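Chemist: 3D, please:
(chains A and B)
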Amino acid sequence: MELLQTIGIPAAILAGIGLLSAILLTLAAKLLAVHEDPTVTALTEALPQANCGACGFTGCADYARAVAEGKAAVNLCKPGGTETAARLAEITGTEAGAVTPEIAVLHCRGDCKSAKRKCDYQGIESCAGAKLHFGGGNSCAHGCIGLGDCVRACPNGAISLKNGLADIQPGKCVACGLCIPACPNHLIALRPTAKHFDVRCSSPSPGKTVRLVCSHGCIGCRLCERKCLSHAVKVVNNLAVIDYNKCTGCGVCRDHCPTGAIACCEDTN
Amino acid sequence: MTVFGIILSAILTDNFVLSKFMGCCPFLGVSKEIPSSLGMGAAVIFVMLCSTAITYPVYVLLLMPLGLEYLQTIAFILIIAVFVQLVEIAVRRLLPPLYRALGIYLPLITTNCAVLGVTILNVDLFAASDSFLGGYLRALLYAGCAGIGFTLALLLFAGVRSRLESADIPEAFRGVPSTLIAASIVSMSFLAFNGIG
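Modeler: I've put the predicted structure just below:
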């Protein structure tokens, strides 16, 4: 009888607390259930779940909510592309419109062979740090520092360092744009994938100065501007700029560039 | 213990993380950035306060009269786990902005040793006091201040870690080793408060 009491009372108390808790939790789950909008759930599932933020919202779930409330267009998802936009449009019952597929490109071609070094930088392994110390080891103040801040920013592992130059693999890049703010020299920009050609130099210095530090720099000779059939290339501040709204992707500019500053994605150094 | 003594000892001299080494997991896990450590700290203060508010009466009014003090650990774990779940469900429905701010931290501290530690310490320290209400209020104060001490430790350490990020550390010490060394130095600095208590 005494044994029953020593074991029975504690067991009863614990069981009582447990039962009470179970009842409370069940009641709470029933009464306070959150009713998720089924459209939001469907939209979230249709998105690629990259949570990259290229659409301008914090994560896929946030974007799905904005689309469901009609606050955002359905074609903002860069990684998902036209296919995802069509699926989102189907769920919400709106017109999709096309997504222009884009990729990130590095506007610098000065790797360790073509660009001269001015010193051996031995500080913190970060482009932002090197930028503070006289711009790092590269003698061109506007070129790729090559310490990989963009490599660390890329969520998809699309960027690697090749001969001291960031190398973006078009197949892996989803154009989320996270590498753009990571570059202290602002060398990375998005370009429509179909247009193929870009200016691989960001130096506004006069041609002579550029020639002294890099064999692949834009010297502002205006050959591309004259040869372009659709008047898409303009030289502004000693630097060629391609207007992708006019560019037809013919490649005449690349064929005439004397230094190779204008290149297409297949061009390697 | 006087009110001032409770505040001083809970926040500084007996700091839960740096002197008692409780709650080291969130201390190392959520101290990378100051905003997330603030969120975690707020969640810990809230959970410590509420779990003390429930477990103290259960101990004094239910377990003590029956002479079942030895049940405290298992009963407290059960109560705290259920309570945190309950709060999570309620906050999610009633205060969505708060849920978005604290939501991910709440399940993390469901059965955190700092939370269990504060409830057990509270009954050890105050259950023998003369009046129930006096002991109860002191226990609540102690729990709140323990949470504030936890947040303080987390914030201080987040500041240290954000500087470690940009430091040039030898390869072998990068990451966890340098973090642990920094934690030991911060906790040694808190030893200096021992003379006050």
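
Chemist: got the buried residues for stretch B:189-197?
Modeler: By 16 or more other C-beta atoms under 10 Å in any protein chain shown, the buried positions in stretch B:189-197 come out as B:190, B:193. (Glycine included, C-beta is placed from N, CA and C.)

Chemist: mean confidence score for that stretch?
Modeler: The average pLDDT within stretch B:189-197 is 75.

Chemist: repeat that for stretch A:32-48.
Modeler: Across stretch A:32-48, the average pLDDT comes to 79.

Chemist: end-to-end on that stretch?
Modeler: One end of stretch A:32-48 to the other measures 30 Å (C-alpha to C-alpha, to the nearest Å).

Chemist: list of residues touching it?
Modeler: A:60-61, A:63-65, A:67-68, A:77, A:79-80, A:84, A:87-88, A:91-92, B:89-90, B:92-94 (C-beta atoms under 8 Å, 6 or more residues apart in numbering or on different chains).

Chemist: what about burial for these, which qualify?
Modeler: A:60-61, A:63-65, A:67-68, A:77, A:79-80, A:84, A:87-88, A:91-92, B:89, B:92.

Chemist: you'd agree A:V174 is up against A:N51?
Modeler: No. Counting by C-beta atoms under 8 Å, A:N51 is not a contact partner of A:V174; they are 11.5 Å apart.

Chemist: show me what from chain B comes close to chain A.
Modeler: Neighbours of chain A within chain B, by C-beta under 8 Å from any C-beta of the partner chain: B:58, B:62-63, B:66, B:68, B:71, B:74-75, B:78-79, B:82, B:85-86, B:89-90, B:92-94, B:166, B:168.

Chemist: which of those fall within helices?
Modeler: Mapping the residues of chain B next to chain A onto helices (DSSP state H) picks out B:74-75, B:78-79, B:82, B:85-86, B:89-90, B:92-94.

Chemist: on the pLDDT front, check A:T268 for me.
Modeler: Predicted confidence (pLDDT) for A:T268: 58.

Chemist: could you dump the ones in helices among the residues of chain B next to chain A to a markdown table with distance to A:A158?
Modeler: A markdown table is the format used below for those (distance: C-beta to C-beta, whole Å):
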| residue | distance to A:A158 |
| --- | --- |
| B:I74 | 51 |
| B:A75 | 53 |
| B:L78 | 49 |
| B:I79 | 50 |
| B:V82 | 46 |
| B:Q85 | 41 |
| B:L86 | 45 |
| B:I89 | 41 |
| B:A90 | 43 |
| B:R92 | 37 |
| B:R93 | 41 |
| B:L94 | 43 |
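
Chemist: just put the residues you listed in a markdown table and tack on pLDDT.
Modeler: A markdown table is the format used below for these (pLDDT from 0 to 100):
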| residue | pLDDT |
| --- | --- |
| B:I74 | 90 |
| B:A75 | 90 |
| B:L78 | 89 |
| B:I79 | 89 |
| B:V82 | 88 |
| B:Q85 | 84 |
| B:L86 | 84 |
| B:I89 | 82 |
| B:A90 | 80 |
| B:R92 | 78 |
| B:R93 | 78 |
| B:L94 | 77 |
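
Chemist: related to what we said a few turns ago, now the buried members of the residues of chain B next to chain A.
Modeler: Neighbour counting with 16+ other C-beta under 10 Å marks B:58, B:63, B:68, B:71, B:75, B:78-79, B:82, B:85-86, B:89, B:92 as buried within the residues of chain B next to chain A.
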